[in-house]
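Colleague: Coordinates for the following, if possible.
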Amino acid sequence: MTSTVVVTGVGAVTPIGGTADATWQAAFAGTPGARTLDNDWAEKYGIPVTFAAQADRSAVDETLTRVETKRLDPSSQLALASAREAWADAGLDEVDNDRLAVSWATGIGGVWTLLDAWDTLKEDGSRRVMPLTVPMLMPNAPAAAIGMHFKAHAAVQTLVSACASSTESIGNALEAIRGGRADVVIAGGSEAAVHPITLSAFSSMRALSRRNDSPETASRPYDVDRDGFVMGEGAGALILETKEHAEARGATIYAEIAGWGISNDAHHITANEPDGTFARQAMERAMEMAGVSASDVKHINAHATSTPVGDVPESLAINAAMGDHVDDVLVSATKSQMGHLLGGAGAAEAILTALALKNRTAPPTINIENLDPAIHLNIVRDEPAALPSGDIAALSNSFGFGGHNAVVVFKSV
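Modeller: Below you'll find the predicted structure:
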């Protein structure tokens, strides 16, 4: 018998909120998170983009000790803070640590630690490089920090699939529970890569918006004048456990995580397959595993990065997967508010998807002034929209460089 897996705790550190609740309230209100950077990077390095969506670190600074902060890369700091919030939110106390696992993700890893160490080596020599440099920069460092803190002995794993990473981590967690390897999994992802090198590299690719005069309106998925994504940073953590385990301890349940699907475009290292064929395939595989049909799906949190070439293939995929029911699906593009959290995006957006089902409300997409005529979706614009009552399902889509496509399906409870 396949276990029913549910979400009982959420935690988030995002550009629009230092906690999951603050992030939800800001998303509900349509609050933009992009700001002009308070540094001299643009002038010093000639970077054509002067803004980003930096994480609200208020809860991180309150949650982590000075020693923890010193020994963790920013990506791990965000991870540990969000995981602690999710754990407290789930009301977990005593658990069987041999049945507790971590499934975490990142797209880039400890870029700040790596490049700071390189600067130290060049300027001060080898002896000044910190002995903890490698444990801090390695991509599995966030997962390891969470695993050690909560004594997760069942497994501690790291998924790295670019911007699909943390959606894959949630799917991996679902399979760990259904496969009998764990009763409780801390799943999610984090990224802290707002750095001169990443801003420069993405700018060179012409992937970033250059609306320096109006950062808050720069991320505009589906708008005809979209000119690139907004670099963001943040983390999202979800506590997943069997429904039986959750009910036995009287836990609050946000939603059921019912299925997930993956595929790969095998098309281009950065560009989406233009027809959305394999994005659709991932959506259909997720729905098949979840045992839902297109008529059950009433909400999608779209990947929708605000890039000229990325938004259309996803819209084609959604239309193909939903068929005649596409007009009944309320589509939200929350990167319009949070920016693109890269490896942390899928987890933060999955949290918003679960909360949308719990609150029966889809958050708005902001900054659409002139809808692209190539987009044919029922987009939630400017104001939240009510979701119907009854048993419904929602999807959270994530797609990444390398052709990675990952989708998770949540059901209402």
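
Colleague: Just to be sure, Gly344 is in a helix?
Modeller: Yes: counting by DSSP: H, G, I helix; E, B strand; the rest coil, Gly344 falls inside a helix.

Colleague: Now the terminal residues of stretch 87-100, how far apart.
Modeller: 12 Å (CA to CA, to the nearest Å).

Colleague: buried ones in that stretch?
Modeller: In terms of neighbour count (16 or more other CB atoms under 10 Å), stretch 87-100 has its buried residues at Trp87, Asp89, Ala90, Leu92, Val95, Arg99, Leu100. (C-beta placed from N, C-alpha, C; glycine too.)

Colleague: Name the SS class of the fourth one, please.
Modeller: Pointing back at Leu92 there. Relying on three-state DSSP, one would call Leu92 coil.

Colleague: who touches the helix-or-strand element of the chain with minimal mean pLDDT?
Modeller: Within the chain, no helix or strand scores below helix 58-63, which has a mean of 93 by mean pLDDT, DSSP states H and E. Outside helix 58-63, the residues that touch it by CB atoms under 8 Å, 6 or more residues apart in numbering are Val13, Gly18, Thr19, Thr69, Gln77, Leu78, Leu80, Ala81, Arg84, Glu85.

Colleague: for the residues you listed, which one is nearest Ile269?
Modeller: Leu78 (26.8 Å; CB to CB).

Colleague: In contact with the nearest residue to that closest one once chain neighbours are set aside: list those residues for me.
Modeller: The shortest distance from Leu78 to any non-neighbouring residue, by CB to CB, 6 or more residues apart in numbering, is to Ala235 (3.8 Å). Counting by CB under 8 Å, 6+ apart, Ala235 touches 11-14, 55, 75, 78-79, 81-82, 142, 188-191, 341, 344, 347-348.

Colleague: Type out the PyMOL command that picks the buried ones from those.
Modeller: In PyMOL syntax, the buried subset of the contacts of Ala235 is picked out as below (16+ other CB under 10 Å):
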select buried, resi 11+12+13+14+55+75+78+79+81+82+142+188+189+190+191+341+344+347+348
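
Colleague: In strands, which of the contacts of Ala235 appear?
Modeller: In strands, judged by DSSP state E, the following of the contacts of Ala235 are found: Gly11, Ala12, Val13, Gly188, Gly189, Ser190, Glu191.

Colleague: Specify the beta-bridge partners of the last one.
Modeller: Glu191 forms beta bridges with Gly234, as assigned by DSSP bridges.

Colleague: Thought Ile108 was touching it, still the case?
Modeller: Yes: in this structure Glu191 lies within contact range of Ile108 using CB atoms under 8 Å: 6.4 Å.

Colleague: hey, what's in contact with both of the two?
Modeller: With CB under 8 Å, 6+ apart, Glu191 and Ile108 have common neighbours Ser75, Leu342, Gly343.

Colleague: check contacts around the second one.
Modeller: The contact partners of Leu342, by CB under 8 Å, 6+ apart, come to Gly107, Ile108, Ala162, Cys163, Ser165, Glu191, Ala193, Gly232, Glu233.

Colleague: Also Val292?
Modeller: Val292 neighbours (CB under 8 Å, 6+ apart): Ala258, Gly259, Ala393, Val409, Lys411.

Colleague: Same question for Ala279.
Modeller: Ala279 touches Ser263, Asp265, Asn272, Glu273, Pro313, Glu314, Ala317, Asn397, Phe399, Asn405, counting by CB under 8 Å, 6+ apart.

Colleague: Likewise for Ile269?
Modeller: Ile269 neighbours (CB under 8 Å, 6+ apart): Phe401, Gly402, Gly403.

Colleague: how about 7 Å then?
Modeller: Contacts for Ile269 (CB atoms under 7 Å, 6 or more residues apart in numbering) come out as Phe401, Gly402.

Colleague: How about the secondary structure of it?
Modeller: Quick answer, by three-state DSSP: Ile269 is coil.

Colleague: any idea how far it lies from Ala162?
Modeller: According to CB to CB, to the nearest Å, Ile269 stands 10 Å off from Ala162.

Colleague: before we move on, what about Ala279?
Modeller: Ala279 sits at a distance of 14 Å from Ala162 (criterion: CB to CB).

Colleague: follow-up on the earlier one: pLDDT and distance to Ala154 added to the ones in strands among the contacts of Ala235, as CSV?
Modeller: Below are the ones in strands among the contacts of Ala235 laid out as CSV (pLDDT from 0 to 100; distance: CB to CB, whole Å):
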residue, pLDDT, distance to Ala154
Gly11, 98, 20
Ala12, 98, 24
Val13, 98, 25
Gly188, 98, 16
Gly189, 98, 19
Ser190, 98, 21
Glu191, 98, 25
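
Colleague: Pop out the phi and psi values for Pro135.
Modeller: With angles defined as degrees, to the nearest 10, Pro135 sits at phi -60, psi -20.

Colleague: Going by residue numbers, what spans are helices in the stretch 151-300 of the chain?
Modeller: Taking DSSP state H, counting those that start in this stretch as the criterion, the stretch 151-300 of the chain contains helices spanning 165-178, 196-204, 243-248, 277-290.

Colleague: Quick check: which of these is nearest to Val156?
Modeller: helix 165-178 (11.0 Å).

Colleague: list residues touching both of Ile269 and Ala162?
Modeller: Phe401, Gly402.

Colleague: could you point out where the stretch 1-150 of the chain is predicted with low confidence?
Modeller: 1 (pLDDT under 70).

Colleague: What spatial separation is found between the closest residue to His267 other than its chain neighbours and Leu342?
Modeller: Spatial nearest neighbour of His267, excluding adjacent residues (CB to CB, 6+ apart): Glu273 at 4.2 Å. Remark: distance between Glu273 and Leu342 (CB to CB) = 20 Å.

Colleague: next one: Glu94
Modeller: Distance from Glu94 to Leu342, by CB to CB: 35 Å.

Colleague: What does Thr106 show for phi and psi?
Modeller: phi -150, psi 160.

Colleague: Number of residues surrounding it?
Modeller: 33 (other CB atoms under 10 Å).
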